[in-house]
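1. next input, structure requested:
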Amino acid sequence: MLKPQYLSGLYAITPDSNCPPAQLIQQVAAAIHGGARLIQYRAKCASAAERRATAVALLATCRAAQIPLIINDDVALAAAIGADGVHLGRDDPDPRAARAQLGDAALIGVSCYNAPARATAAAQAGATYLAFGSFFPSPTKPAAARATPELLTAARELGLPLVAIGGITPHNGSVLLAAGAQMLAVVSGVFDQPDITAAARAYTSLFSQENSA
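-> As a prediction, this is how the structure comes out:
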């Protein structure tokens, strides 16, 4: 499995849509070309067979670019195809169980929403990174609990990479980087845009600005 030296940059999450797998692979390749450093395959509506076939194709694309592929929710699928890790939500397995199945090198992310106690528990359970959000209104999850930048600042003490998600744009993302996020997770801001590569680059430029500040 691939494991990056550090987790930082644009974290592109695929939309849960019915677009053909070949189109999705092209879109992911465009996001990587624009600077995405981590890809998450998220497909709640597809069948198990469709998800596996698409995940295998995405993994090949990510491997060629040396970009890790994370599978949303499905530890068994991540293990079966040899993906680089899994992202776990509120109703998913404990990080310890995922780690036991995927191995020490796996990247295991945990959604912490706006709950510091959940973040602490995830860190203690061996998570690789912690995700907080939604920070802004999001078309992907319009009813999501709202998090604040101060939550990121407080979570720095846990010593893990922090991911911000939810309604993030190239115009508001710098606030979250300043608060402590190492990664900005984006769905529609990348994949719903007419030029996916250009959209990804707009986010990537935020990290260059933060490093030069």
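2. pop out the phi and psi values for K44.
-> Here is the backbone geometry of K44 (degrees, to the nearest 10): phi -80, psi -30.
3. please look at it and D16 and confirm they touch.
-> Yes: using Cβ atoms under 8 Å, K44 is in contact with D16, at 5.0 Å. The way it works is simple: take the backbone N, C-alpha and C, and place the C-beta from them, glycine included.
4. and the two? Which one has more around it.
-> D16 (13 against 8; other Cβ atoms under 10 Å).
5. please name the residues that touch that one.
-> Going by Cβ atoms under 8 Å, 6 or more residues apart in numbering, D16 touches R42, A43, K44, C45, T140.
6. out of these, who's the most crowded?
-> Neighbour tally across those (other Cβ under 10 Å): the maximum, 23 neighbours, falls on A43.
7. distance of that one from L7?
-> Counting by Cβ to Cβ, to the nearest Å, the separation of A43 from L7 is 23 Å.
8. what is the burial count for A178?
-> 13.
9. the strands in the chain, which residues?
-> Assigned by DSSP state E, the strands in the chain fall at 9-13, 38-41, 69-72, 85-88, 107-113, 129-132, 162-165, 183-186.
10. which one, of those strands, ends up nearest to D94?
-> Nearest of these to D94, taken as Cβ to Cβ: strand 85-88 at 8.1 Å.
11. partners of that closest one, with directions?
-> strand 69-72 (parallel), strand 107-113 (parallel) (DSSP bridges).
12. identify the residues contacting it?
-> If you take Cβ under 8 Å, 6+ apart as the criterion, strand 85-88 is touched by 1, 40, 68, 70-75, 78, 95, 98, 102, 106-111, 128, 131.
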